[in-house]
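Enquirer: Here is the input, now give the coordinates:
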Amino acid sequence: MRTLVPARWRRAVRPRARRVPPIPALVVAILLAATVAGLGWHGDRTAERRDAAVRQALATAPAAAKAIFSYDHRTFDDSVANGRSFVTGSFAEEYAQTTAALKQTAVKQQAVVLAEVSATGVVSATTDRVELLVYLNQYRRNVSTAGEKVDQNRVVLTLVPDGGAWKVSAATAI
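Expert: Numbering: from 1, shown residues only. So this is what the prediction gives:
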């Protein structure tokens, strides 16, 4: 026989929550904290190395741009050799071809081009590649131009580490 018990006297049967044993939970928490700390440390180190790369590229860019984009018809080969010391990779080949084609015209026109960097800015940067926007003024004189002309150019220089120094691996006029 079944007795009826008022609803307020009945105790609701609730399933028991499963408790996680404290030792495994502590181990998981420690591993998670160590992983987060390791990722933070790695990110910080990467940022430091990237910032160092940017500083080195920014320090190199003005001299590199001046050497690459300047020449004097009287000392053309020396000007090109100076520029060649700042380039690397396929851009070194492109620079050699361009300056070889330019030599005859530069001598014939008695051209003197002096490049000066007025400003630089970082376009993108990693630890092994930095792209800089370079504001470059080229002051040029030749026999067919009265006085000195100024060309205001904007160039994106890509610099990479090469043999302990940062060198230009690409130059793109914009």
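Enquirer: Which strands or helices does the helix or strand hosting residue 44 pack on?
Expert: Using DSSP states H and E, residue 44 sits within helix 22-69. Applying 3 or more Cβ pairs under 8 Å, 6 or more residues apart in numbering; DSSP states H and E, we find helix 22-69 packed against helix 76-84, strand 112-126, strand 129-141, strand 149-162, strand 165-173. C-beta coordinates here come from the backbone N, C-alpha and C atoms, glycine included.
Enquirer: and the closest residue in space to residue 155 that isn't next to it in sequence, how many neighbours does it have?
Expert: The shortest distance from residue 155 to any non-neighbouring residue, by Cβ to Cβ, 6 or more residues apart in numbering, is to residue 134 (4.9 Å). By the criterion of other Cβ atoms under 10 Å, residue 134 has 22 neighbours.
Enquirer: Am I right that residue 134 is in contact with residue 159?
Expert: No - between residue 134 and residue 159 there is no contact under Cβ atoms under 8 Å: 10.4 Å.
Enquirer: between the lowest-mean-pLDDT helix or strand in the chain and strand 129-141, how many degrees?
Expert: Lowest on mean pLDDT, DSSP states H and E among the helices and strands of the chain sits helix 22-69, with a mean of 87. Following axes from the mean of the first three to the mean of the last three Cα atoms, to 10 degrees, one obtains 20 degrees for the angle between helix 22-69 and strand 129-141.
Enquirer: Could you list the residues in contact with the helix or strand just after helix 22-69?
Expert: Per DSSP H and E, helix 22-69 leads on to strand 71-72 as the next helix or strand towards the C-terminus. For strand 71-72, contacts defined as Cβ atoms under 8 Å, 6 or more residues apart in numbering pick out 79, 80, 83, 99, 102, 106, 111, 112, 113.
Enquirer: in the sheet, who's paired with the residue nearest to residue 155?
Expert: Per DSSP bridges, the residues bridged to residue 134 are residue 120, residue 155.
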